[in-house]
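Trainee: Sequence below, structure please.
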Amino acid sequence: MVHGIRSVTGYHGNQIGRYETLMDMRLSNGAPALINPTFWRHENARYLYTNVALAEPAFRLMVGPVRNSAGSTVYLYRLPGDNPYAWVAPAIAKAPDSDAEAAVLDPRFDPARIAVFDTAANVRPNSGTTPPEPLPITANTTSFGPGRADLTLSAPAPAGSALVVSENYFPGWQATVDGKGADTYRADYNLIGIPLPAGAKAITLRYHDPAVTTGRLITIVALLIAIAAWGAGLAAQRRPNVA
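Mentor: Below you'll find the model as predicted:
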């Protein structure tokens with residue numbers, strides 16, 4: 001994190017519960033979801049940093065063996081698959097959490113064909129019985145940083161499609177599509193889903209939580225009061241005593 005690199009592991013005091021649940025799940029063979037290529041695709045994982053040499057041919061060695069700052073021998077591998085930060089799904093479905101949770105780690109589930117939205121989302125699901133084929137549209141990230149992302153689609157989005165962003169959904173994420181306000185919902189269990197109107201090309205995401213603004217204001221006011229109290233105490237100490 002100190003280098004601005006997104007990581008799927010580690011601990012944060014405010015880590016999203018849904019992400020924690022997904023990462024800790026076990027597959028049908030007992031293996032942790034963390035080593036599942038479907039999880040890597042879901043969470044935009046592209047590289048593996050490890051202190052163990054791997055013989056898996058699907059992992060391409062990028063760097064190593066080298067020693068890190070702690071003196072340990074480490075390797076950097078490129079994981080298989082494209083695993084994009086965002087993609088356009090041509091169809092939308094609505095499902096309860098239990099179904100969405102199971103789907104996103106199922107190798108048969110193709111997130112490029114259908115986006116699974118929360119049942120509370122105000123979206124119209126696809127009426128077909130079979131998900132359509134993936135779209136020949138890529139979502140290119142033109143700007144990215146903490147609490148923000150700007151994306152441009154390689155072609156106009158069709159009606160009924162949705163942009164899914166591999167970012168943990170949380171109230172406070174706000175979106176615009178071609179400069180107009182757009183709704184954000186929870187999609188694919190823990191990610192951000194944005195229903196797209198026909199012809200959509202440019203999408204922006206910004207995170208704004210009123211609680212953050214309130215907390216910042218309280219901190220500033222408290223700091224000013226502390227400075228004023230310190231100044232008043234210092235002035236009182238310098239005031240000459242009158243006999």
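
Trainee: which residues of the protein fall in strands?
Mentor: Assigned by DSSP state E, the chain shows strands spanning 47-50, 60-67, 73-78, 86-89, 92-95, 115-118, 139-145, 148-153, 162-168, 173-177, 180-182, 185-187, 191-195, 202-207.

Trainee: Run me through the strand neighbours of the first one, direction for each.
Mentor: Right, strand 47-50. On the basis of DSSP bridges, the sheet neighbours of strand 47-50 come out as strand 73-78 (antiparallel).

Trainee: and the angle for the partner strand with strand 60-67?
Mentor: Counting by axes from the mean of the first three to the mean of the last three CA atoms, to 10 degrees, strand 73-78 lies at 160 degrees to strand 60-67.

Trainee: buried set for strand 73-78?
Mentor: Using 16 or more other CB atoms under 10 Å as the test for burial, strand 73-78 gives 75, 77. Quick note: C-beta positions are derived from backbone N, CA and C, even for glycine.

Trainee: mean confidence score for that strand?
Mentor: Strand 73-78 shows a mean pLDDT of 94.

Trainee: likewise stretch 30-42?
Mentor: The average pLDDT for stretch 30-42 rounds to 83.

Trainee: For D106, give its distance to A182.
Mentor: 29 Å (CB to CB, to the nearest Å).

Trainee: Mind checking which of those two has more residues around it?
Mentor: A side-by-side neighbour count of D106 and A182, using other CB atoms under 10 Å, places A182 first with 18 against 13.

Trainee: Any idea what the closest residue to that one other than its chain neighbours is bridged to?
Mentor: Nearest residue to A182 in three dimensions, chain neighbours excluded: A175, at 4.4 Å (CB to CB, 6 or more residues apart in numbering). In this entry, A175 is beta-bridged to A182, L205, by DSSP bridges.

Trainee: Test my guess that A175 contacts P195.
Mentor: No: the pair A175 / P195 is not scored as a contact, 9.8 Å apart, by CB atoms under 8 Å.

Trainee: Give me the common contacts of the two.
Mentor: 182-183 (CB atoms under 8 Å, 6 or more residues apart in numbering).

Trainee: what about the two, which has more around it?
Mentor: Counted by other CB under 10 Å, A175 and P195 do not tie: P195 has more neighbours, with 25 against 22.

Trainee: Could you find the residue nearest the spatial middle of the protein?
Mentor: E167 (1.4 Å; CA atoms, centre = their mean).
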